[in-house]
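Trainee: Just the structure for this:
(2 chains)
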Amino acid sequence: MQDEGDAATTREVVLAARGVTKIYRMGEVDVHALRGVDIDLYEGELLVLLGASGSGKSTLLNILGGLDTPTSGHVRYGDWELTHADEAELTNYRRKHVGFVFQFYNLIASLTAQENVALVTEISEDPMDPTDALGLVDLGGRLNHFPSQLSGGEQQRVAIARAIAKRPDVLLCDEPTGALDFRTGVAVLSVLDQINRELGTTTAVITHNAPVGRMADRIITLSDGSIQNVETNATKAKPSELRW
Amino acid sequence: MSPLHKKLFRDLSSMRGQVLTIALVVAAGIAAFVGVRCTYLSLLESKEAYYERYRFADVFAHLERAPDTVGEELLAIDGVARVQTRIVDAVRLPMEDMLEPATGQIVSLPEHGEPVLNAVHIKSGRMVEAGRSDEVVVLEAFAEAHGLEPGDHLPVVMNGKLRRLRIVGTGMSPEFVFAMPPGEMAPDSARYTILWMSHDAVAAAFDLSGAFNDVTLKLEPGASESDVMTRLDAVLERWGGAGSVPRSHQLSNYGLEQEMGGLRSMANTAPAIFLFVAAFLLNVVLSRLIALSRPEIAALKALGYADRRIGLYYLELVSLIVLMGALLGLAFGNLIGGAFTQMYTQYFRFPDLRFRLDNGVYGVAVAVSLISGVVGALGAVRRVVRLPPAEAMRPPPPADYRRSFFERSALFAMLGQATRMILREVRRRPLRFSVSVLGIALSVGIVVVGRFFADSMNYLIDEYMQSAWREDVAVGFLEPVSMRELHSLEGEPGVFRAEPFRIVPARISFGPRHRDSAVMGYSAGSVLRQPIDRDTNVVPLPAEGILLTRKLGEVLGVSIGERVRVEVHEGDRPTLAIPVAGFVSELAGLQGHMRLGALDRLLHEQDTASMALLSIDPARYDELLRRLQDMPGVVSINRKAVTVERFRRQSGEMNHIFAAVLAFFAAIIAIGVVYNNARISLSMRSRDLASLRVLGFTRAEISRVLLGELALQVVCAIPIGLWIGRKMGEGIMSFYDAEMYRLPVIVSGSTYAFATLVVTAAALVSALMVRQKLDHLDLIGVLKTRE
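Mentor: Residues are numbered from 1 along each chain as shown, chains lettered A, B, ... in the order given. Below you'll find the model as predicted:
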């Protein structure tokens, strides 16, 4: 196991993966997406996963989020062994503990901003009020707008509000700024940073954009399915200070 | 094989569920169309061939007695090509295997050679030989019903004398395809027959040597039927002519035409409805399927394929699907057509009745399906190829939603997000939703169409006939009897009540139009039979004048207050002029109704009845029957329950099979529509559904979103479909305007329930199939793609 840095060691591990491999069978060829990855996510940290396209970062995030299962290795959420969980258990895991943000927002076009958030709060045990969640991402004034009436940045903020409204233990973001221009991207990162600080939600952000790492507590770099490097930032940059 | 052709076959294979269900919809439409229409055409063709080959006459006349020389006089009438004189008379057959005697007609055959007209087709055995006075050819259906074969003997009461005749053959004739005892509503092959015997033997039995009492004529091409009939009637008047009858009113042909008219209206409407429903659904399903291929079409365009080549590709795709459906439809159509025709051979006796597939009908069915499919597909392709490839390669722009007034209401606020998604989808694409609902509704409607005919028949039998005929037994007399004789029946075993009833056979005419029918006479205070209207309400009889069946009034073109001419066909054969007092909307027959007293006054008779209506103790029926059979002058004993049951059997069999076949096709069409709707919705919404799964929605929860929309379509479609079914039924019945009976459009609760059940079951099967797909939704793949 690699050095995880001082800042992290004082915190409790929320999500842990050991020896995770993932092999996709593409026709007659085996594609090794992950080759024995060990990783811990600590309570309240902001983690950035860096890597080029095909490095395995999305596969790792999907396995951590219960969207996919590893070919071998173990994934634990607290005391809960997710490795052999069945479909219903994984659904329950996602429902109670994980919030997702994707590159393409994945909002439901036929529901307003508020309703998209309510979609999640309806099935959660102790959710925020959808209005409050949208207030946190500074969209309190656009509650009744449909996705088609919102800009890309606004749509991504709705997606973030939807992800955090259930008060998840882990927030997993896959290229959240990938479809956005620089200014809007920075605004979205600011929201994630603010959520992480104010709510203390463990947050993992996938990006291929190295400068984003400066806002993280830790930066893990993946390459060809393995962890290449782990860095800890002594001082985190504000999203507004980022440039790319 | 070009890459596009490879793609074609792979696409067909990967969409096999949809391809198969669409092909089945096409097949169901084509099979119903081809099966029913070709059955009708086969019947028509067989009938025409039969009439032609066995020289069915054009004009028929019955008389009392005329010397053979009058035949020459008749041949001299302008326009008459051929004349066949003969002897026809009533007989009774006290069969050992029946309590009630069978009745029938004996028809004389020329001593030498075939009859000039109305030849007999021998099915088994041989023709009677000249000079043999004990040989007889019997109607094939009767022989079958009693298990009689050539060589067997038959007891026949001819002119009051019991004879034992030897059956030498069984046969049939175009004159007696529909061998129905006069006054009955359904043929009964066990209780009514035709016997053919050599002329001399019949003449001897009926004291008609050197004379004839029946004549049939063939007209020259272009001759005026009515002119010939007028001349004929003038000649025969001296000889007790009862008035000539044209082919169109000859009993068998009339019954056959009426039945075939019913079948024709069914064959013209129901299959066309099926075919067009199937074609419409094909159009809708294909256009939606192709709308989903938008990115692929764009990619082909980007690669340099011309619009025409892309259009051709989809033309091939659609043609292959329709072709599959057409072949299946041909196989199904042949199967059901063969089965229908087989059933009709029991009903219509033709020498050669085989199901023949009509290429024209099949061609029309395939063409309608193909055109509809191609129009739907190419319309969708054109909408896509019009866009620049770069734009088309992206999925359609994100759906635009607006909140409606309803959505701001408190009620809407109470709905869950899943329900809101469903309702918004409906509101955003109302046309799409309506078309889906219409498609399902049409399949509900055709199940109703398949069954309502049986419902209407059941109403006729269970409600109408039961109300119209309240007696248990109707006893017919050879000659009218007096009231005293009639009331003496009340002393017979088991008889509670005896009422007189009079049926006077007559030709009722107004101006140039006429119908050979009867006038019914009801005694004052009678309860066992009263004229009733279509809603089974009793219609009071006027003190004077005649009530006509409304349909008869329409046929004759007569109004209330005008006088109809009534030529009585019995007794002194008077001709009466009777004012029309009103009309009765009856469901069966064409007749007149009068008070017996008023009728008697016109006939200068007193208190006479031709029939006794009895209400009896069923337990003592056999005893009563034996007593009645021994009474002189009793010609018929009809138990109502038996008559009604026979009618039910006759109509029931056909209708139930017809209904079952149509319901089966309707179910296939319903599955085709619902399944394809669901599959297309799934393709269009897989991204939303995958997002919900990622957010932690269970499979059951996302199924509810997708299948909820489906359920909403089905729920909206069912009442509309039931209404459409009823309207289609009314449409079919408006073509079915038979003079024999006029069915009301009755759709029973059980038919509505059945239609609902069939379509709900089809929807559930479709839902289960789609649910399977939903369980294998690719969560990650969907989320990786841009909206």
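Trainee: hey, let's count contacts and neighbours off CA atoms from now on
Mentor: Fine.
Trainee: Helix or strand: which one has the residue nearest the centre of chain A?
Mentor: For chain A, A:L172 is the residue whose C-alpha lies nearest the centre (Cα atoms, centre = their mean; 1.3 Å). Assigned by DSSP states H and E, A:L172 belongs to strand A:170-174.
Trainee: What of B:G169?
Mentor: Going by DSSP H and E, B:G169 is part of strand B:161-172.
Trainee: Would you give the sheet partners of that strand, along with the direction of each?
Mentor: strand B:121-125 (antiparallel), strand B:135-139 (parallel), strand B:153-158 (antiparallel) (DSSP bridges).
Trainee: returning to what we had before: now for the strand holding A:L172, which elements pack on it?
Mentor: Applying 3 or more Cα pairs under 8 Å, 6 or more residues apart in numbering or on different chains; DSSP states H and E, we find strand A:170-174 packed against helix A:57-64, strand A:98-101, strand A:202-207.
Trainee: and of the ones you listed, who's closest to B:V426?
Mentor: strand A:98-101 (28.2 Å; Cα to Cα).
Trainee: What's opposite B:A102 in the beta bridge?
Mentor: Here B:A102, judged by DSSP bridges, has bridge partners B:L93.
Trainee: sorry, that was for A:Y77
Mentor: A:L15, A:W80.
Trainee: Let me know the distance separating it from B:F178.
Mentor: Counting by Cα to Cα, to the nearest Å, the gap from A:Y77 to B:F178 is 85 Å.
Trainee: thinking again about what came up before, can you put the helices and strands packed on strand A:170-174 in CSV and add distance to chain B, mean pLDDT and mean neighbour count?
Mentor: Below are those laid out as CSV (distance: least, Cα to the nearest Cα, whole Å; pLDDT from 0 to 100; neighbours: other Cα atoms under 10 Å in any protein chain shown):
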stretch, distance to chain B, mean pLDDT, mean neighbour count
helix A:57-64, 8, 91, 22
strand A:98-101, 7, 91, 26
strand A:202-207, 13, 94, 25
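Trainee: Among the ones you listed, single out whichever gets nearest to B:S456.
Mentor: Of the helices and strands packed on strand A:170-174, nearest to B:S456 by Cα to Cα is strand A:98-101, at 61.8 Å.
Trainee: strands paired with the closest one, and their directions?
Mentor: Counting by DSSP bridges, strand A:98-101 is paired with strand A:170-174 (parallel).
Trainee: relative orientation of the partner strand and helix A:57-64 in degrees?
Mentor: 150 degrees (axes from the mean of the first three to the mean of the last three Cα atoms, to 10 degrees).
Trainee: is it true that B:P150 touches B:G171?
Mentor: No - judged on Cα atoms under 8 Å, B:P150 makes no contact with B:G171 at a distance of 10.8 Å.
Trainee: Report the closest residue of chain B relative to chain A.
Mentor: Residue nearest to chain A within chain B (Cα to the nearest Cα): B:G696, separated by 3.8 Å.
Trainee: State the number of residues packed around the residue nearest to that residue when sequence neighbours are not counted.
Mentor: The shortest distance from B:G696 to any non-neighbouring residue, by Cα to Cα, 6 or more residues apart in numbering or on different chains, is to A:R95 (3.8 Å). Other residues near A:R95 come to 24 when the count uses other Cα atoms under 10 Å in any protein chain shown.
Trainee: quick one: contacts of the strand or helix carrying A:R95?
Mentor: Here A:R95 sits within helix A:87-97, counting by DSSP H and E. Residues outside helix A:87-97 that contact it (Cα atoms under 8 Å, 6 or more residues apart in numbering or on different chains) are A:65-67, A:82, A:123-125, A:166-170, B:693-698.
Trainee: Produce a PyMOL select command limited to the buried residues of these.
Mentor: In PyMOL syntax, the buried subset of these is picked out as below (16 or more other Cα atoms under 10 Å in any protein chain shown):
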select buried, (chain A and resi 65+66+67+82+124+166+167+168+169+170) or (chain B and resi 693+694+695+696+697+698)
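Trainee: Please flag which of the contacts of helix A:87-97 sit within helices.
Mentor: B:693-694 (DSSP state H).
Trainee: which phi and psi does the residue of chain A positioned farthest from its centre have?
Mentor: Ranked by distance from the centre of chain A (Cα atoms, centre = their mean), the top residue is A:E28, with 32.1 Å. Per-residue torsions, A:E28: phi -100, psi 10 (degrees, to the nearest 10).
Trainee: so what's it scoring on pLDDT?
Mentor: Note for A:E28: predicted pLDDT of 79.
Trainee: if I look at it, how far off is chain B?
Mentor: Distance of A:E28 to chain B, computed by Cα to the nearest Cα, to the nearest Å: 20 Å.
Trainee: what's the helix or strand for B:P579?
Mentor: strand B:575-584.
Trainee: Which strands and helices lie in contact with that strand?
Mentor: strand B:546-549, helix B:550-556, strand B:563-568.
Trainee: Now the longest one: buried residues?
Mentor: Neighbour counts over helix B:550-556 (16+ other Cα under 10 Å) mark B:550-553, B:555-556 as buried.
Trainee: Off-centre distance for that helix?
Mentor: 22 Å (Cα atoms, centre = their mean, to the nearest Å).
Trainee: Average pLDDT for it, rounded please.
Mentor: 91.
Trainee: Identify the residues contacting that helix?
Mentor: Taking Cα under 8 Å, 6+ apart as the rule, helix B:550-556 contacts B:509-511, B:513-515, B:559, B:583-586, B:590-591, B:739.
Trainee: Recalculate using a threshold of 7 Å.
Mentor: B:509-510, B:513-514, B:583-586, B:590-591 (Cα atoms under 7 Å, 6 or more residues apart in numbering or on different chains).
Trainee: If any of those residues are buried, give me the ChimeraX selection for them.
Mentor: This is the ChimeraX syntax for the buried subset of the contacts of helix B:550-556, where burial follows 16+ other Cα under 10 Å:
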select /B:509,510,514,583,584,585,586,590,591
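Trainee: For the contacts of helix B:550-556, give me CSV that also has pLDDT.
Mentor: Output for the contacts of helix B:550-556, formatted as CSV (pLDDT from 0 to 100):
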residue, pLDDT
B:S509, 91
B:F510, 92
B:R513, 87
B:H514, 85
B:F583, 94
B:V584, 93
B:S585, 90
B:E586, 87
B:L590, 86
B:Q591, 90
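Trainee: Go through the contacts of helix B:550-556 and flag which are in strands.
Mentor: B:509-510, B:513-514, B:583-584 (DSSP state E).
Trainee: Spatially, which two of those are the most separated?
Mentor: B:R513 and B:V584 (19.3 Å).
Trainee: any idea where the helices of chain A begin and end?
Mentor: Under DSSP H, chain A gives helices at A:6-9, A:57-64, A:87-97, A:113-121, A:130-136, A:152-164, A:182-199.
Trainee: What is the last one packed up against?
Mentor: The one in question is helix A:182-199. Helices and strands touching helix A:182-199, by 3 or more Cα pairs under 7 Å, 6 or more residues apart in numbering or on different chains; DSSP states H and E, are helix A:152-164.
Trainee: Give me the distance between the helix or strand that contains B:L423 and the centre of its chain.
Mentor: Assessed by DSSP H and E, B:L423 sits inside helix B:417-428. The chain centre lies 45 Å from the centre of helix B:417-428; the measure is Cα atoms, centre = their mean.
Trainee: Who are the packing partners of the following helix or strand past it?
Mentor: Later in the chain than helix B:417-428, the nearest helix or strand by DSSP H and E is helix B:430-458. Using 3+ Cα pairs under 7 Å, 6+ apart, the elements in contact with helix B:430-458 are helix B:640-694, helix B:699-735, helix B:749-775.
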